[in-house]
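Student: Based on what follows, work out the 3D shape:
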Amino acid sequence: MLRRTKIVATLGPASSDQKVLEKMIRAGVDVVRMNFSHGTAQDHVARVEKVRAAAAACGRIVGILADLQGPKIRVGKFENDKIILKKGDTFILDAGWTGLGNQERVSLDYKELPNDVSKGSVLLLNDGMLEFGVTEVSGAQIICKVVRGGVLSNNKGINRKGGGLTAPALTDKDKEDIKTAALIKADYLAISFPRSADDMRLARKLMQAAGGKSLLMAKIERAEAIAVLDEIIDASDAIMVARGDLSVEVGDAAVPGLQKRMIRMARAKNKLVITATQMMESMITNPIPTRAEVSDVANAVLDGTDAVMLSAETAVGDYPVETIQSMVRICINAESEIEDISTGYDPSQVQFTRIDQSIAMSALYAASHFTVKAIVALTQSGSTALWMSRMNARVPIFALTPTESTLSKVTLFSGVHPIAFNLTSELPSIELHAAEDELVRLGLIKEGDMIVMTIGEAVKAGYTNTMKIVRVGDHRKG
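Tutor: Sure thing, here's the model as predicted:
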């Protein structure tokens, strides 16, 4: 059974070795995430070269996701690397402090924080493990009462409960990193902490100015983003349900419902969606997942997510390959239980604006009413395959394209499998026969199978205007 749901794995020290990368790719990684919070531009270039070499060695196509750091809203460093705070303690977050932190105060990376909070504000640190109530703001100092204590160590993040921090989504570092993303030809560029569609439009403008062609992904992790979710999705090519910071800002109980809503909205708008954060967290140190983690991944699949993402599990964990194998197993089993994905997208109620979109929907309709083994899309841009992937096709969709960038972008489309295929003729009938023969050669279909095929009379992007239902091998009989 070909897996529909794609797997994104974050690279790090645990997954930098060439042999480990090859094992991860063979285990089922579809897209690798480059976390730009760590490493230099040279590090990212070298790592991408390793990934592409490993993918070639495995005979696989692997996409590249460049994930920008975003604003650093963090505490500074401590004299002894960490302190322990108890409920009721007074503690100062000091934007004017330049020394190492101690039991009384710590510096801030984000110097504007005193302007974003006031008496009564609630600050959550270290992914919500610690809670501070602001009792006073005096100049650069934020004086807090510890509501929930614990260990506070170097460079831990800060969120304001309910949102409201004004840090821009794109920092100077991010703007430089966009140039690196363009240099490595990243397929996707993830924007951290966008608050509006304008943040995404600015990122797209900077990417285009750098000569890049990455599809843009909005990481939904700010409370403010929820109120303008429609506009952000419209300005993006994909979204990430970034459950870590989002959970801290809106409250953990709100996230499962938001996850379902975001997946439904993205699919209805023909956009891609990744579900991320702590999906297999226990496998950082354990060789098998918890039952709760299995259910979490399975539910994201049942919700209709395009991809599930691993972070620390593959970046610094002890079992990166085993984690991917576990995720593959869970995805395949969950997919076998899907009767229909409720996407909120009803083709019968949509006014199509493009011919290739109507052809994609026609192919899905035909596939659902005939016993077909596959849908085969000969495509330049991948748009036809994207539209097909928004619905539960129940059969694999093979995207055959000569375009390298399309091959790697398609790696994130649920249910779509990229295949390099050179278009050598201007005659669609010849190309369809050649595509059919190639899939037979690869063992993906066999003589006598019924398949649905789409192509354009003019073999170029946006010109898909033909759908055929064929029985494999018939063209060789007559």
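
Student: Only C-alpha atoms from now on, for both contacts and neighbour counts.
Tutor: Will do.

Student: Give me the neighbour count for the residue nearest to Pro320 when sequence neighbours are not counted.
Tutor: Leaving out its chain neighbours, the residue that sits closest to Pro320 by C-alpha to C-alpha, 6 or more residues apart in numbering is Thr314, at 4.4 Å. A count of neighbours around Thr314, defined by other C-alpha atoms under 10 Å, yields 29.

Student: With Lys87 instead?
Tutor: Residues near Lys87, counting by other C-alpha under 10 Å: 14.

Student: next one: Cys58
Tutor: Residues near Cys58, counting by other C-alpha under 10 Å, number 14.

Student: pretty sure it contacts Met24?
Tutor: No: the criterion here is C-alpha atoms under 8 Å, and Cys58 misses it with Met24 at 10.1 Å.

Student: Tell me how this protein divides into domains.
Tutor: Domain assignment for the chain, taken from automatic domain parsing, gives 6-71+168-335, 82-160, 347-476.

Student: Go through those domains and pick out the most buried.
Tutor: Ranked by mean neighbour count under mean count of other C-alpha atoms under 10 Å, the domains of the chain are led by domain 6-71+168-335, which reaches a mean of 21.

Student: tell me the mean pLDDT for that one?
Tutor: Taken as a whole, domain 6-71+168-335 carries a mean pLDDT of 96.

Student: what about it, how long is it end to end?
Tutor: End-to-end distance for domain 6-71+168-335: 12 Å, by C-alpha to C-alpha, to the nearest Å.

Student: Against which helices or strands is the helix ranked longest in the chain packed?
Tutor: Ordering each helix of the chain by length in residues (DSSP state H) puts helix 41-58 first. If you count contacts as 3 or more C-alpha pairs under 8 Å, 6 or more residues apart in numbering; DSSP states H and E, helix 41-58 packs onto helix 18-27, helix 172-183.

Student: if I read this right, Asp67 contacts Ala190, doesn't it?
Tutor: Yes: counting by C-alpha under 8 Å, Asp67 does reach Ala190; the two are 4.6 Å apart.

Student: still on that earlier bit, mind checking which of the helices and strands packed on helix 41-58 is nearest Thr135?
Tutor: The minimum distance between Thr135 and the helices and strands packed on helix 41-58 falls on helix 172-183, with 32.2 Å, by C-alpha to C-alpha.

Student: Quick one: list the elements packing against whichever helix or strand comes after that closest one.
Tutor: The helix or strand immediately downstream of helix 172-183 is strand 188-191, counting by DSSP states H and E. In terms of contacts (3+ C-alpha pairs under 8 Å, 6+ apart), strand 188-191 is packed against strand 63-67, strand 215-220.

Student: any chance of the ones you listed in a markdown table, with distance to Val248 too?
Tutor: As requested, the helices and strands packed on strand 188-191 are exported to a markdown table (distance: least, C-alpha to C-alpha, whole Å):
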| stretch | distance to Val248 |
| --- | --- |
| strand 63-67 | 20 |
| strand 215-220 | 12 |
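
Student: Compare these and give me the one nearest Lys50.
Tutor: Closest among the helices and strands packed on strand 188-191, once you apply C-alpha to C-alpha, is strand 63-67, at 11.8 Å.

Student: Remind me what that closest one packs against, helices and strands.
Tutor: Looks like strand 63-67 contacts strand 31-35, strand 188-191, helix 404-409 (3+ C-alpha pairs under 8 Å, 6+ apart).

Student: Sheet partners, orientation included, of that strand?
Tutor: Strand pairing for strand 63-67, determined by DSSP bridges: strand 31-35 (parallel), strand 188-191 (parallel).

Student: In TSV, list those along with distance to Lys271.
Tutor: Putting the strands paired with strand 63-67 into TSV (distance: least, C-alpha to C-alpha, whole Å) gives the following:
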stretch	distance to Lys271
strand 31-35	17
strand 188-191	13
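
Student: Looking at those, spot the one closest to Gly101.
Tutor: Closest among the strands paired with strand 63-67, using C-alpha to C-alpha: strand 31-35, at 27.0 Å.
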